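Engineer: Have a look at this prediction, sequence included:
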Amino acid sequence: MKHVLTVIMLATTLQQTPAFAADWSGYVSAQYRGFFEDPADPRQHNNYLSAAAEPEFYHRWQGGDQSFNTILFYRVDQYDENRTHGDIRELSWTGVFDTFEMTAGISKVFWGVAETQHLVDIINQTDQVENVDGEDKLGQPMIKLSTAQDWGNLDLFVLPWFRERTFPGVEGRPRPEVVVDTDADAIYDFSAGQDHIDLALRYSHYIGEWEFGLSYFSGIDRLPSNFSPIAFDPGGQPTAVVPIYSLINQAGIDGQVFFGDWTWKLEAINKEYRSGDRKGSHTFQSVFGFEYTWVGFTGGASDLGFVVEYHYSDANARETIFDNDLATALRFVLNDAQSTEVLLGFLTDAETHTAAGFIEASRRIGQSWVLEAELRTYNGTEQDRPLYSFRFDNFAQIDLAYHF
Amino acid sequence: MNRRMIQSTVAAVVVGLLPFALVAETAEEKGLAIAVEADKRDEGFGDSTANMTMVLKNKQGDTSTRYIRIKTLEVIGDGDKSMSIFDEPADVKGTAFLTFSHAIKPDEQWLYLPALKRVKRINSKNKSGPFMGSEFAYEDIASQEIEKYTYKYLRDETLNGIDCFVIERYPAYEHSGYTRQVVWINKAEYRPEKVVFYDRKNSLLKTLTYDGYQQYLDKFWRADQMHMENHQTGKSTTLTWSNYQFRTGLEDSDFNKNSLKRAK
């Protein structure tokens, strides 16, 4: 907790230094996560406290045509040594030259349109220890060249260093039953290893109510292609594994269109393995669905949104939870001064009837504080499926953040 | 302005010019003529930038403040392009909206979420929703084009000592949140002084008042303050404008998805 106080004090001091006042922002937050049942592994705990800070420094010159951006992140977790981690989310320079734009350094990009799974989004590695929803990303070193033309936007990426996925530590929860050991060396099943230079290309455009994007990626898959056991119990069962990373080519398509209050969305990828045991094999994954918004549903300012997305994958159902699943969600947006929002959803597997449920709520308090609450449940999980590890891991989480 | 509008405008002007005007100008023609003149007087500003402070007040008197920077590019013959960038509250700092507004078809609108670095196209068919929790709907803050309404002149009236035309306008956009608006237009300067909004059930909904008008470039009037009061909820929103600058050299390339991501 001492670290946290230091970070808070540092952030406060920097904020009050007048010369930089306009350029500093960010947040500090405290988190509590509580589980309703005892863990599958006695080394895990029932209650976790944690704190995080994310200061941001931004400076621009030449009327905004050049800018420098830094976002640092650090979290301290009470028990999970892997969740106590730091990351440079952003450390980049961006220059604008007429219709061209260049970014060099560590940065983040987002691709895609779907709400419950981000299939085409591949540039940044997932910061898996942050939350099970996979929405948090690690900063990626890159050179990005971008142009906005009448015929659409074109982005080119050179990605010179691979970031390994973060995984919860032995005491972390929820986590896979078999611990992924990120202190041991991961396996790269090709010679260049982590130094491999990945390349990516994306074209996106819109015509009237239609938005669409085409993307191509050639490099190291952000998702491990498999795991290799490195430690065993006396019975010969693996107790720890390391991830195996492989080279892939991935083509992606994403698009959305409006029909009245309906927004229809599609994302699909075709992944071809170029190294390791799977070399030459393909997988196809897609997510297709809609979002419908009932504006002013109470007769007042509130909106009610329905999200339905169907996930398909021809990959082995042991690898992805999105193999043949339906995600449904309700979003209440109060449109009030406190920006109150509640998102309530289910992910149901069509074959096993496993259901993962979640509620996410957030509300601003005063001018600078934001309170977030989250509830995640896993029901009817079956052995041999990824969510089986989480069968005792229903949890509630509260985050209180101070933004500056 | 579409061709039909131009024709009817020309017709209105021609009718007005007829020396032997046996055909009396109808209330609709006079209402339109006032709107056309108001539009003409605001034409040619090119582009503008301004800072806006938005104070939301609830029934109990609690307030909440937002700081927003707004860039606008005038588009002749269509709705303007605009970018709104949030500076406060701190948790939404860097959130930005890019809007290509249109008179009678849905706007094109993108939202940039800085935490995810995600640009999201927003379904803006419904322009009647509140803008960032305020009493201003998206359609209230969008650029005012002639084709957005049909008009009817009601009467002349003095409002706070200012001679005004009072006209009624009826939204042409089928998904508008209003049946009608009554507008007090300053006779000398053809700028709005007050607008009263009636909801879809034709009940009194909101009143917007303009204060502290200043003239820029010897032509363009902008109010320092706009106050919107919701009579049905008791809530209100006050917009205070500062640092207005015109013809700053903004162009189309300052209003696309790449510039939205850089906006900050």
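Structural biologist: On my side now, so go ahead.
Engineer: for chain B, what are the nearby residues on the stretch 301-404 of chain A?
Structural biologist: Residues of the stretch 301-404 of chain A found near chain B (CB under 8 Å from any CB of the partner chain) are A:301, A:303, A:335-339, A:364, A:367-368, A:370, A:401, A:403-404. Every C-beta, even on glycine, is put in place using the N, C-alpha and C of the backbone.
Engineer: List the buried residues for stretch A:126-135?
Structural biologist: Within stretch A:126-135, the residues scored as buried using 16 or more other CB atoms under 10 Å in any protein chain shown are A:126-132.
Engineer: Just the element for residue 50, please.
Structural biologist: In the absence of a named chain, this looks at chain A. Assigned by DSSP states H and E, A:Ser50 belongs to strand A:47-61.
Engineer: You answered for a different chain; I wanted chain B.
Structural biologist: strand B:47-57.
Engineer: now the helix or strand following that strand, how far from the chain's geometric center?
Structural biologist: Downstream of strand B:47-57, the first helix or strand assigned by DSSP H and E is strand B:63-73. Its chain's C-alpha centre and that of strand B:63-73 lie 14 Å apart, by CA atoms, centre = their mean, to the nearest Å.
Engineer: cool, and stretch B:221-231?
Structural biologist: Centroid displacement of stretch B:221-231 relative to its chain, using CA atoms, centre = their mean, is 11 Å.
Engineer: Output the lowest mean pLDDT helix or strand found in chain B.
Structural biologist: helix B:3-17 (a mean of 51; mean pLDDT, DSSP states H and E).
Engineer: How about the strand holding A:Ser50 and chain B, touching?
Structural biologist: Yes. For strand A:47-61, a contact with chain B is found by CB under 8 Å from any CB, at A:58, A:60.
Engineer: Write out the residues of the stretch 151-264 of chain B neighbouring chain A.
Structural biologist: Contact residues, the stretch 151-264 of chain B versus chain A (CB under 8 Å from any CB): B:233, B:253, B:256-259, B:262, B:264.
Engineer: Need those in TSV (columns: neighbour count and pLDDT).
Structural biologist: TSV is the format used below for those (neighbours: other CB atoms under 10 Å in any protein chain shown; pLDDT from 0 to 100):
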residue	neighbour count	pLDDT
B:Thr233	14	92
B:Ser253	13	90
B:Asn256	18	92
B:Lys257	20	91
B:Asn258	20	91
B:Ser259	21	91
B:Arg262	19	89
B:Lys264	19	82
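Engineer: Any buried residues in the strand or helix carrying B:Trp184, and which?
Structural biologist: In the assignment (DSSP H and E), B:Trp184 maps to strand B:178-186. Within strand B:178-186, the residues scored as buried using 16+ other CB under 10 Å are B:178, B:180-186.
Engineer: same check, this time on stretch B:35-43
Structural biologist: Buried, per 16+ other CB under 10 Å, within stretch B:35-43: B:35-36, B:38-39, B:42.
Engineer: re the thing from before, in the residues of the stretch 151-264 of chain B next to chain A, find the pair that's most separated.
Structural biologist: The most widely separated members of these are B:Thr233 and B:Ser253, with 40.8 Å between them, by CB to CB.
Engineer: and stretch A:257-267, C-alpha only, in CSV?
Structural biologist: Provided in CSV are the C-alpha atoms of stretch A:257-267 (Å, rounded to 0.1, in the frame of the first residue of the first chain):
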residue,chain,number,x,y,z
VAL,A,257,-25.0,-0.6,-40.7
PHE,A,258,-27.9,1.3,-39.3
PHE,A,259,-31.5,0.4,-40.1
GLY,A,260,-33.6,2.9,-38.1
ASP,A,261,-32.9,2.3,-34.4
TRP,A,262,-31.1,-1.0,-35.2
THR,A,263,-27.4,-1.3,-35.6
TRP,A,264,-26.2,-4.6,-37.3
LYS,A,265,-22.6,-5.6,-36.7
LEU,A,266,-20.3,-8.3,-38.1
GLU,A,267,-16.7,-9.2,-37.4
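Engineer: ok, and what's touching that stretch?
Structural biologist: With contact meaning CB atoms under 8 Å, 6 or more residues apart in numbering or on different chains, stretch A:257-267 is reached by A:112-115, A:117-120, A:209-211, A:252-256, A:286-295, A:309, B:106, B:123, B:125-126.
Engineer: Now the buried members of those.
Structural biologist: Judged by 16+ other CB under 10 Å, buried ones among those: A:112-115, A:117-120, A:209, A:211, A:252-256, A:286-287, A:289-293, A:295, A:309, B:106, B:123, B:125-126.
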